[in-house]
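Participant: For reference, the sequence and a predicted model appear below.
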Amino acid sequence: MQDYVIRATAGDGSIRAFAATTRELVQHAREIHHTSPVASAALGRMLTAAAMMGTMLKGDKDLITLQIRSLGPLKGIVVSGNAQGQVKGYVFQPNVEIPSKYPGKLDVSGAIGEGYLSVIRDIGMREPYAGRIQLVSGEIAEDLTYYFAQSEQTPSAVGLGVLVETDTSIRRAGGFMIQLMPDATEERICKLEERLNTIPYVTDLLDMGKTPEEILEMILGDMDLKIMDRVPASFYCNCSRERVEKALLSIGKEELEKMIREDKKANLHCHFCGKDYAFTESELCQLLERAK
């Protein structure tokens, strides 16, 4: 099944909802970063969240970045997404191995530990909008729920799940986000809370093979659910040799001269997709000429 995000409304527009299936893009991230099972689960949850939050953006060039900095063995995670459903990301320590909470339940919160979650929206303004909260659990879905309530004053319910096979490949990945708008009635709020408290865990829904549409139908099907659109989702990194050259030019003539004099070459690595870009002494000299 191709990865995608659906956007929907319910309750006469008083509820907005998102749901995603992201198995393919999480598998791609696992392959390029060689992540351990618990790192795959943590990164996959973040990528899934970025895919859904990216579709909240209005401008084609708008970007959203989610960052976790933590004291646990994973140390941190960075992901970003855009309005086209394209995401990329990496985990600081991809090879972390820690005991599971219990059989079949990876200890993502233990791997992340205490720390902070930052959400940065670059929507073309002079300064990006940034919000930060202290992690409440390290489970990511709960932390995002808290972020929406504290930083954006938007009551939300977030469910994220990644199932990893015994051979470390990704079996399922996806999630949902349900958000209450200011005109949501108490009756609808209570009904939604009751529904969210009784549906299976998101990992169980994914393991049942439920699609994003079916997940939202289970939660909001009797609340005038309307599917607005479906956005393809994919792992995509926009790094290129041209962009790397611009980065080298931005360090200035003195640093370039020092690099040529001392190293006689340059090797740059993209953390998001794992690509390496090598520059010979001759190529650095050409860049130096352009910098003058």
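Facilitator: That came through fine.

Participant: Tell me where the stretch 101-250 of the chain has strands.
Facilitator: 115-122, 129-134, 156-164, 170-180, 226-232, 234-235 (DSSP state E, counting those that start in this stretch).

Participant: quick one: average confidence on the shortest one?
Facilitator: Within the predicted structure, the mean pLDDT of strand 234-235 is 97.

Participant: What strands line up against it, and which way round?
Facilitator: Paired neighbours of strand 234-235 in the sheet (DSSP bridges): strand 86-91 (parallel).

Participant: Need the contact partners of the partner strand.
Facilitator: Strand 86-91 is contacted from outside by 25, 29, 33, 35, 39, 42-43, 46-47, 50-51, 54, 74, 76-81, 233-237, 271-273, using CB atoms under 8 Å, 6 or more residues apart in numbering. All C-beta spots, glycine's among them, are computed from the backbone N, C-alpha and C.

Participant: would JSON lines of the strands of the stretch 101-250 of the chain with distance to residue 213 and mean neighbour count be doable?
Facilitator: Below are the strands of the stretch 101-250 of the chain laid out as JSON lines (distance: least, CB to CB, whole Å; neighbours: other CB atoms under 10 Å):
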{"stretch": "strand 115-122", "distance to residue 213": "27", "mean neighbour count": "18"}
{"stretch": "strand 129-134", "distance to residue 213": "30", "mean neighbour count": "14"}
{"stretch": "strand 156-164", "distance to residue 213": "15", "mean neighbour count": "24"}
{"stretch": "strand 170-180", "distance to residue 213": "11", "mean neighbour count": "25"}
{"stretch": "strand 226-232", "distance to residue 213": "7", "mean neighbour count": "14"}
{"stretch": "strand 234-235", "distance to residue 213": "19", "mean neighbour count": "20"}
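
Participant: and those strands as JSON lines, adding distance to residue 89?
Facilitator: Shown next, in JSON lines, are those (distance: least, CB to CB, whole Å):
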{"stretch": "strand 115-122", "distance to residue 89": "13"}
{"stretch": "strand 129-134", "distance to residue 89": "17"}
{"stretch": "strand 156-164", "distance to residue 89": "13"}
{"stretch": "strand 170-180", "distance to residue 89": "13"}
{"stretch": "strand 226-232", "distance to residue 89": "18"}
{"stretch": "strand 234-235", "distance to residue 89": "8"}
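
Participant: Nearest to residue 2, out of these?
Facilitator: strand 226-232 (6.5 Å; CB to CB).

Participant: Could you list every helix and strand in contact with the closest one?
Facilitator: strand 4-10 (3 or more CB pairs under 8 Å, 6 or more residues apart in numbering; DSSP states H and E).

Participant: The helix or strand that the strand it packs on is followed by packs against which elements?
Facilitator: Using DSSP states H and E, the next helix or strand after strand 4-10 towards the C-terminus is strand 15-21. Strand 15-21 sits against strand 4-10, helix 37-54, strand 170-180, helix 212-220, with contacts defined as 3+ CB pairs under 8 Å, 6+ apart.

Participant: Mean neighbour count, the ones you listed: which tops it?
Facilitator: helix 37-54 (a mean of 28; mean count of other CB atoms under 10 Å).

Participant: if we can go back for a sec, got the helices and strands packed on strand 15-21 as CSV, with mean pLDDT and distance to residue 136 columns?
Facilitator: Putting those into CSV (pLDDT from 0 to 100; distance: least, CB to CB, whole Å) gives the following:
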stretch, mean pLDDT, distance to residue 136
strand 4-10, 97, 25
helix 37-54, 98, 15
strand 170-180, 96, 17
helix 212-220, 96, 22
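
Participant: got TSV for these, with distance to residue 88 too?
Facilitator: Rendered in TSV, the data for the helices and strands packed on strand 15-21 read as follows (distance: least, CB to CB, whole Å):
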stretch	distance to residue 88
strand 4-10	15
helix 37-54	8
strand 170-180	15
helix 212-220	21
